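1. here's my sequence, what's the structure:
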Amino acid sequence: MKEREKACIKNGIDGIEKYGYLFEGKRLGLVTGPTGLDKQLKPTIDILNNRYDLRVLFSPEHGVRGNFQAGTHVDSYVDEKTGIPVLSLYGDSRKPSPEMLGNIDVLVMDIQDIGSRYYTYLYTMSYCMQACAENKKTFVYLDRVNPIGGTQVEGGILDTRYASFVGMYPITPRYGLTAGELAMLFNSEFGIGCELAVVKAEGWKREMYFDDTDLLWVNPSPNIPSLDAAVLYNGTCLFEGTNISEGRGTTKPFEMIGAPWLDPYRLADKMNGMSLPGVIFRPVYFEPAFSKNRGQQCKGVQIHITDHRSVRPVEIGIKLLYEIMDFDRGKFEWVAPNREKGGYFIDLLTGGDDVRLRHFEADDLIGKWRGESSRFKAYKEKYHIY
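-> Presented below is the predicted three-dimensional model:
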């Protein structure tokens, strides 16, 4: 069988020579992570350090080389390969201070996004943009493809009363933009107003998923090991707000959902009976090596994707969550509010309290959210650059 021809893609870093005017003679800072690589997998850190005057690195969640697990407090340190200081944006400070930016003219960012509102890199980006506006620095985003496509929009618009580091602005969970396009939207619509430049990717079309491209997959974060995980994350991430395992600590995070008290066969039958497009549910047993239910046998389902283009992950997540909520209400729990930060985590993820307080049943909530996603889909089109 002839292998499907894949589109030849250049991410922003691969075309950087066309944008030398942004970097030459300037002192640079760089926000990056393990996906900050060119097509030959050479780190953006090394490329900018060899070509230009790279003064400082800024670390989001997971570190500039991917050396920290999810949620781990990141302290400032020195990059062992280049000797360049690394200042943390995932520790005591999440927004660059005037002192952090004092030695640079341009702040560059190069990180692979996964097309989801919950992903913290987006808010590292927005905080950096705010800091650049306040300190009269230029912000440059080296754009990358959206691995889950740029046409599908899904979920409800966040109520800003529930703004947090997993959802800061009134957008949908699946927003159908590249991070560079989203930076343009944030800058214009939410009053950031920084001097912004987006170095475009080349060869990508909005209908393309990552497996339509000739790019090599590098985990955007430790628990997104595949395209399937990235797609499903938009829905199964909601389980982070519950006592149900979202598969962290297994080889299939965000693809497997379970708890010690569930009946995997009944759950799989229920979910398959809904005939949700693009997926099949399989009963599974798993034992997380870390995170929730560590060392305990969990029972649940693995979500197998049969067609990326027809999957509606947010709706899958809601249907699955409601089904599990009703299995045994005495055992299902929401993660308790953090005393320091306040608010239920599920409310921060869903962008409101409709799910936790069950203001709507699943189908009614999905109908409400479809209306909101339709409005956002039309609204965001003016920021399309592909």
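
2. excluding its backbone neighbours, what's nearest residue 229?
-> Of all residues not flanking residue 229 in the chain, residue 254 sits nearest, at 4.7 Å (Cβ to Cβ, 6 or more residues apart in numbering). Just so you know, the C-beta spots here come from the backbone N, C-alpha and C atoms, and that holds for glycine as well.

3. the one you found - how many residues pack around it?
-> 28 (other Cβ atoms under 10 Å).

4. confidence score at the most centrally placed residue in the chain?
-> The chain has residue 119 as the residue nearest its centroid, 3.0 Å off, counting by Cα atoms, centre = their mean. Residue 119 is assigned 95 on the pLDDT scale.

5. now do the same contact list for the nearest residue to it once chain neighbours are set aside.
-> Of all residues not flanking residue 119 in the chain, residue 113 sits nearest, at 6.4 Å (Cβ to Cβ, 6+ apart). By Cβ atoms under 8 Å, 6 or more residues apart in numbering, the residues touching residue 113 are 119, 121-122, 144, 146, 178-179, 182, 220.

6. circling back: would you double-check that the residue nearest to the centre of the chain falls in a helix?
-> No - counting by DSSP: H, G, I helix; E, B strand; the rest coil, residue 119 is located in no helix; its state is coil.

7. residue contacts, it?
-> Neighbours of residue 119 in contact, by Cβ under 8 Å, 6+ apart: 113, 220-221.

8. show the backbone phi and psi for it.
-> Taking degrees, to the nearest 10, you get phi -80, psi 120 for the backbone angles of residue 119.

9. same deal with residue 131?
-> Phi and psi for residue 131, reported as degrees, to the nearest 10, are phi -60, psi -40.

10. can you pull out the low-pLDDT segments for this structure?
-> 1-3, 66-74, 339-341 (pLDDT under 70).

11. hey, which helix is longest across it?
-> Ordering each helix of the chain by length in residues (DSSP state H) puts helix 362-379 first.

12. who are the packing partners of that helix?
-> helix 313-325 (3 or more Cβ pairs under 8 Å, 6 or more residues apart in numbering; DSSP states H and E).

13. residues in contact with the helix it packs on?
-> So helix 313-325 is in contact with 154-155, 173-174, 231-239, 242, 244, 257, 259, 262, 267, 270-271, 274, 276, 279, 301, 303, 332, 355, 361-362, 365-366, 369, going by Cβ under 8 Å, 6+ apart.

14. let's see it at 7 Å
-> With Cβ atoms under 7 Å, 6 or more residues apart in numbering as the test, helix 313-325 has contacts from 154-155, 173-174, 231-232, 234-236, 238-239, 244, 257, 262, 267, 270-271, 274, 276, 279, 303, 332, 362, 365-366.

15. now do it and helix 362-379, the angle between them.
-> 160 degrees (axes from the mean of the first three to the mean of the last three Cα atoms, to 10 degrees).

16. what about helix 313-325, distance to the chain center?
-> Centroid separation for helix 313-325 versus its chain: 19 Å, with Cα atoms, centre = their mean, to the nearest Å.

17. next structured bit after it?
-> Where DSSP states H and E defines the elements, the next helix or strand beyond helix 313-325 is helix 345-350.

18. what's that following helix in contact with?
-> By Cβ under 7 Å, 6+ apart, the residues outside helix 345-350 that reach it are 118, 162, 164, 166-167, 237-238, 240-242, 334-335, 353, 355-356.

19. C-alpha coordinates for that helix, PDB please?
-> The C-alpha coordinates for helix 345-350 follow below in PDB (Å, rounded to 0.1, in the frame of the first residue of the first chain):
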ATOM      1  CA  PHE A 345     -10.400  23.000  39.800                       C
ATOM      2  CA  ILE A 346     -13.200  21.600  37.700                       C
ATOM      3  CA  ASP A 347     -14.700  25.100  37.600                       C
ATOM      4  CA  LEU A 348     -11.400  26.500  36.400                       C
ATOM      5  CA  LEU A 349     -11.200  23.900  33.700                       C
ATOM      6  CA  THR A 350     -14.800  24.200  32.500                       C
END
